[in-house]
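Undergrad: below are the sequence and a predicted model for it; my questions follow.
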Amino acid sequence: MTKRLYYDDLFQMQFEAQVVELTTDAERPAVVLDQTAFYPTAGGQPHDTGTLAGVPVVDVVERAGDGAVLHVLDGPAPVVGSMVAGLVNAVRRFDHMQQHTGQHILSQACLKRWNAQTVGFHLADTYSSIDLDREPREPVDQVMVQVQEIVNGVVFGDLPVRAWFPTEGELAALRLRKPAGAHERIRVVQVEGFDVTACGGTHVTATGQIGLVVVRRWERYKGGLRVEFLCGGRALRDYCFLATTVRDLATELSVADTDLADMVRRRLAEAQEYHHLAEVRGNALLDYEARELVATAEVHGSLRLVLRVYEDRPFEEVRRLALRLTEEPGAVALLAARGDKVQLAFGRGPDLDLDMNAILRAACQVLGGKGGGRPHLAQGGGPDAAHLDEALAVARRHVLGA
C-alpha cells in the first residue's frame, strides 16, 4: 500500500517519493509511489491536483484491491526506481478541507435539530451539498436559520479537530454519528464536544479554520432534503458577489440596500400590469387585423383565402393571427414569416372541412423542413426561403382543390 502522508500532516504539500510502478488509467500514464501527500477521490471528496517531477497531476485514484494510489499524469511518467518531488495544490487542498469539515458540522447540526441523517455528500468545484433523509416539520427556511447559527457557533468556538485510527477498543467506546463501513482500518474525525464520525477525507485541525458557513439553498429530494452550502473562501466569494449585485441594483434603482427587495417587488408588479395591458391591446389589434384580412381576402364562393408573407415579424404574432382567423367562418389562413428561415402558420374556419395539418406538411416539404398540428391549425417551416412562393402555391392548390 502507498503510505499516505496526509494522515500524519494535512498541511504537508511538498514531499519526495520513489516511483514503484508505472501503469495507465483510462489510457493516460500513471505512477504509483511508495508514499504520497496526494488525496485520491473518495467519500464524496475530489482528488488533489499538483505536480510530480514538474508534470501536472490531473487525477488521483485509489486502485481497488491493493490500496495503491495512482497518480494520473498529463505528460511523460518518470522511470521506476527514480525519486520524484511532489507538490500538492495547496489552495485546492485547503478549500476541500474547509468544505469537508464544514459538512461534518452541518450534518451533525441537522441531526441535532430534527434528527435528519446525512445519506449523501457531494463536493463540487463551486459548491457542496448534503442529502438528508427527512424534512423538518417546521418551515425549512426558519430551521435553516437555526442550523446556520449552530454551525457557525461551532466554527467561532475554534474547537480542535482530531483525525486518527482508533484501536478496536477505542472505536467501540466512541459514539459515531452513523455506523462505520466495513474497512480493515477505520479512521475517525472528531470535532471536540460536537461530532464524531468515520471518515477518510482531509480536514482542518480547528473549526476556526473553516471560516463562515452559509446554507445557500435547499430543495426536496427523494423524500428528504438536499442542502447546498459554502464554507470559508467560497462563502466569502459568494458574499462579495451578492454584496456587489445588491449595491449595483440599489444604485440603478436609486434606493437604499435595505429597500431593494420592496422596490423590486413593486417594479415586478408594475411590469406584470404593463404586460397584461400590452397583451389586451395586442389582442385587440390582432382582432382588427384579422377582420381586415378577411374583408380583403380572395373570395372563392363561400371560402375566403388569406395569403400573406411577413418580413421579420415575430412568428408568435403570425401564429396568433392564424389562430384568430380560425374563428372566422369560411376563412383560410396561409401565413408565412420570413427571416433567417421560413415559418408557416396555416388555419381554417370552423365550418370548413380542410386538413391544414396535411396541407402544411406538403408546403414544408418544398422548404426542406417539417411541421404539424391539428386539422384546423398547424405550424412548421424550413430553411429553403428561396422556395417560399412555390410552397405557398402548393398550399393554395390544396386549399382550392386545383
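TA: Noted; the coordinates are in hand. In this text, all values refer to a predicted model and were calculated from it rather than measured experimentally.

Undergrad: for the residue nearest to residue 163 when sequence neighbours are not counted, give the beta-bridge partners.
TA: Excluding its sequence neighbours, the residue lying closest to residue 163 (C-beta to C-beta, 6 or more residues apart in numbering) is residue 189, at 4.7 Å. Every residue, glycine included, has its C-beta placed from N, CA and C. Using DSSP bridges, the beta-bridge partners of residue 189 come out as residue 163, residue 197.

Undergrad: got it, and residue 214?
TA: Here residue 214, judged by DSSP bridges, has bridge partners residue 230.

Undergrad: quick check, pLDDT for it.
TA: The model reports residue 214 with a pLDDT of 96.

Undergrad: contacting residues for it?
TA: Listed by C-beta atoms under 8 Å, 6 or more residues apart in numbering, the contact partners of residue 214 are 148, 229-231, 235, 238-239.

Undergrad: coming back round to it: neighbours of the residue nearest to residue 163, how many?
TA: 20 (other C-beta atoms under 10 Å).

Undergrad: can you tell me how far it sits from residue 165?
TA: Distance, residue 189 to residue 165, by C-beta to C-beta, to the nearest Å: 11 Å.

Undergrad: for residue 211, same thing?
TA: For residue 211, the distance to residue 165 - C-beta to C-beta - is 28 Å.

Undergrad: kindly report the same for residue 153.
TA: As judged by C-beta to C-beta, residue 153 and residue 165 stand 29 Å apart.

Undergrad: check residue 127 too.
TA: Remark: distance between residue 127 and residue 165 (C-beta to C-beta) = 31 Å.

Undergrad: what about residue 186, which SS state?
TA: coil (DSSP: H, G, I helix; E, B strand; the rest coil).

Undergrad: nearest residue to it in space, please, no chain neighbours.
TA: residue 180 (4.8 Å).

Undergrad: got the contact list for that neighbour?
TA: So residue 180 contacts 171, 186, 188, 198 (C-beta under 8 Å, 6+ apart).

Undergrad: got the phi and psi for residue 75?
TA: phi 160, psi -180 (degrees, to the nearest 10).

Undergrad: and it, how many neighbours?
TA: 14.

Undergrad: pretty sure it is touching residue 58, no?
TA: No - in this structure residue 75 lies outside contact range of residue 58 using C-beta atoms under 8 Å: 9.3 Å.

Undergrad: show me the helices in this protein, by range?
TA: 90-114, 140-156, 168-173, 233-253, 260-295, 315-325, 356-367, 388-400 (DSSP state H).

Undergrad: can I get the ones you listed in CSV with distance to residue 331?
TA: Shown next, in CSV, are these (distance: least, C-beta to C-beta, whole Å):
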stretch, distance to residue 331
helix 90-114, 63
helix 140-156, 54
helix 168-173, 83
helix 233-253, 48
helix 260-295, 5
helix 315-325, 5
helix 356-367, 12
helix 388-400, 11
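
Undergrad: which stretch in the ones you listed is the model least sure about?
TA: helix 168-173 (a mean of 89).

Undergrad: identify the spatial nearest neighbour of residue 194, chain neighbours not counted.
TA: Once flanking residues are discounted, residue 194 sits nearest to residue 154: 5.5 Å by C-beta to C-beta, 6+ apart.

Undergrad: return the distance of that neighbour relative to residue 186.
TA: Distance from residue 154 to residue 186, by C-beta to C-beta: 23 Å.

Undergrad: and what of residue 389?
TA: In terms of C-beta to C-beta, residue 389 sits 78 Å off from residue 186.

Undergrad: more neighbours, these two?
TA: Neighbours were counted for residue 389 and for residue 186 using other C-beta under 10 Å; residue 186 has more, 17 against 12.

Undergrad: now that one, what are its backbone angles?
TA: The phi/psi pair for residue 186 (degrees, to the nearest 10) is phi -110, psi 120.
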